[in-house]
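Undergrad: Here is my input, please return the structure:
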Amino acid sequence: LPSKTSQQEVYETIKPVVDSLTENDESNEKKSLIFAYGSSGSGKTHTIVGSKEDPGILPKAIAEIVEHYDKTIYAVKISCI
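TA: Predicted structure coming up:
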């Protein structure tokens with residue numbers, strides 16, 4: 001993606017990954033990986049985490065997952081390394 005791509009535009013590129021976690025199917029366990037790769041100072045942390053004013057893909061994905069499962073009981077495990 002170009003360097004001036006907005007956080008929302010980046011999120012839209014990974015949204016199918018988030019959608020796969022909220023699809024109704026018979027699988028009890030779902031896993032996904034979002035990976036940022038690049039040289040030092042290229043914006044990986046900003047892309048993943050963002051800021052309070054402009055959240056990155058991780059807070060957006062978590063919010064969407066929590067909103068989807070808000071009325072049901074599920075255990076959700078999230079790891080960020």
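Undergrad: switch to C-alpha atoms for all contacts and neighbour counts from now on
TA: Will do.
Undergrad: tell me which element residue 8 falls in.
TA: In this structure, residue 8 sits in helix 7-22 according to DSSP states H and E.
Undergrad: Oops, could you answer that again for residue 61 instead?
TA: Assigned by DSSP H and E, residue 61 belongs to helix 57-68.
Undergrad: quick one, that helix and helix 7-22 angle?
TA: Compare the direction of helix 57-68 with that of helix 7-22 by axes from the mean of the first three to the mean of the last three Cα atoms, to 10 degrees and you get 40 degrees.
Undergrad: quick one: contacts of helix 57-68?
TA: Contacts to helix 57-68, defined as Cα atoms under 8 Å, 6 or more residues apart in numbering, come from residues 7-8, 10-11, 15, 18, 21-22, 47-50.
Undergrad: Quick one: distance of that helix to the chain centre.
TA: Its chain's C-alpha centre lies 7 Å from the corresponding centre of helix 57-68 when counted by Cα atoms, centre = their mean, to the nearest Å.
Undergrad: Now do the same for that helix: mean pLDDT, whole number.
TA: Along helix 57-68, the predicted confidence averages to a pLDDT of 89.
Undergrad: what does stretch 9-27 give?
TA: Per-residue pLDDT over stretch 9-27 has a mean of 85.
Undergrad: Show me how far it is from its chain's centre.
TA: On the basis of Cα atoms, centre = their mean, the separation between the geometric centre of stretch 9-27 and that of its chain is 9 Å.
Undergrad: got the CA coordinates for it in PDB?
TA: The C-alpha trace of stretch 9-27 is given here as PDB (Å, rounded to 0.1, in the frame of the first residue of the first chain):
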ATOM      1  CA  GLU A   9      -8.100   1.900   4.000                       C
ATOM      2  CA  VAL A  10      -5.500  -0.400   5.500                       C
ATOM      3  CA  TYR A  11      -8.300  -1.900   7.700                       C
ATOM      4  CA  GLU A  12     -10.500  -2.500   4.700                       C
ATOM      5  CA  THR A  13      -7.700  -4.700   3.200                       C
ATOM      6  CA  ILE A  14      -7.700  -7.000   6.200                       C
ATOM      7  CA  LYS A  15     -11.400  -6.900   6.900                       C
ATOM      8  CA  PRO A  16     -12.000 -10.300   5.300                       C
ATOM      9  CA  VAL A  17      -9.700 -11.800   8.000                       C
ATOM     10  CA  VAL A  18     -11.900 -10.200  10.700                       C
ATOM     11  CA  ASP A  19     -15.100 -11.300   8.900                       C
ATOM     12  CA  SER A  20     -13.800 -14.900   8.800                       C
ATOM     13  CA  LEU A  21     -13.800 -14.800  12.600                       C
ATOM     14  CA  THR A  22     -17.400 -13.800  12.900                       C
ATOM     15  CA  GLU A  23     -18.900 -16.000  10.200                       C
ATOM     16  CA  ASN A  24     -21.500 -18.500  11.300                       C
ATOM     17  CA  ASP A  25     -20.200 -22.000  10.800                       C
ATOM     18  CA  GLU A  26     -19.900 -25.100  12.800                       C
ATOM     19  CA  SER A  27     -16.300 -24.500  13.800                       C
END
